[in-house]
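Visitor: Turn this into a model:
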Amino acid sequence: MAIECFNELFNTVYIAKKLHEMGKYKLVTGSFFDLLDHDVYYENMYSLIENLFEHHYSDYYENHSLELHILSDSVIVDFYVLAGKYSRRNNISDKDNPYIKAAEREVKSNLNISHCLDWKLMVHTEPKRPFHSRLGLFISQECDCLDLGFLAYRLIKIYEWFSDKCTELRAIEESFKPIPGQMCLDEFMPIDVPAIAA
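Guide: Take a look at the predicted model:
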């Protein structure tokens, strides 16, 4: 017995479960249609890709048959700000920062999945505007081997990774906050100062 759109149905349920576990189930109700067929599945996944991150911009370049998606979120921006503070506190360059290098590896491992897809991570440890750190996706329309559900799932994993690492970096930052009698030059660098007598 063949079930029509079984893979698409399974992927949709799996992604919905994952979003529910993340506390983002409203993305399912806001992005997915009630009925499912092959075309609707791809519309659902496109909608999810657009809605998963706080900031989304897309464009289509007809001459190259290429879609551009720019994705950003406070977890990405905050991660790079905190990673920049970590660099300064430990007197290392951003290119040698283990967190920044790990982010590059994480994105690469999740997005090097198809020759139809390319990506670029734009990093700013001292952002000049909102959503300055971002992820660019380049999706070729000349081939149809990229399952958008698989891409959406990989983007969810990237989102979770940035969120978890933000929590980790905030804990590190918190451990370096000054105690009474200390002055702080930045949030990662407490400096002992004698307590002033009353």
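Visitor: Compute the distance between the residue positioned nearest the centre of the chain and residue 174, please.
Guide: The residue lying closest to the centre of the chain (CA atoms, centre = their mean) is residue 159, at 3.6 Å. Distance from residue 159 to residue 174, counting by CB to CB, to the nearest Å: 23 Å. Bear in mind the C-beta positions are built from the backbone N, C-alpha and C, glycine included.
Visitor: what's the answer for residue 161, then?
Guide: Separation of residue 161 from residue 174 (CB to CB) stands at 20 Å.
Visitor: Those two: which is more packed in?
Guide: Neighbour totals were compared for residue 161 and residue 174, and residue 161 leads with 18 against 10 (other CB atoms under 10 Å).
Visitor: Let me see the ranges of the helices in this protein.
Guide: Taking DSSP state H as the test, the helices found in the chain are 6-21, 26-31, 38-52, 74-89, 98-111, 148-175.
Visitor: can I get those helices in JSON lines with mean pLDDT?
Guide: What follows is the helices of the chain, written out as JSON lines (pLDDT from 0 to 100):
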{"stretch": "helix 6-21", "mean pLDDT": "78"}
{"stretch": "helix 26-31", "mean pLDDT": "77"}
{"stretch": "helix 38-52", "mean pLDDT": "84"}
{"stretch": "helix 74-89", "mean pLDDT": "95"}
{"stretch": "helix 98-111", "mean pLDDT": "96"}
{"stretch": "helix 148-175", "mean pLDDT": "92"}
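Visitor: Identify whichever of the ones you listed lies nearest to residue 120.
Guide: Proximity to residue 120 (CB to CB) singles out helix 98-111 among those, at 9.4 Å.
Visitor: Go ahead and name everything in contact with that closest one.
Guide: With contact meaning CB atoms under 8 Å, 6 or more residues apart in numbering, helix 98-111 is reached by 79-80, 82-83, 86-87, 94-95, 117, 119, 121, 123, 125, 135, 137, 151, 154-155, 157-158, 161-162, 165, 169.
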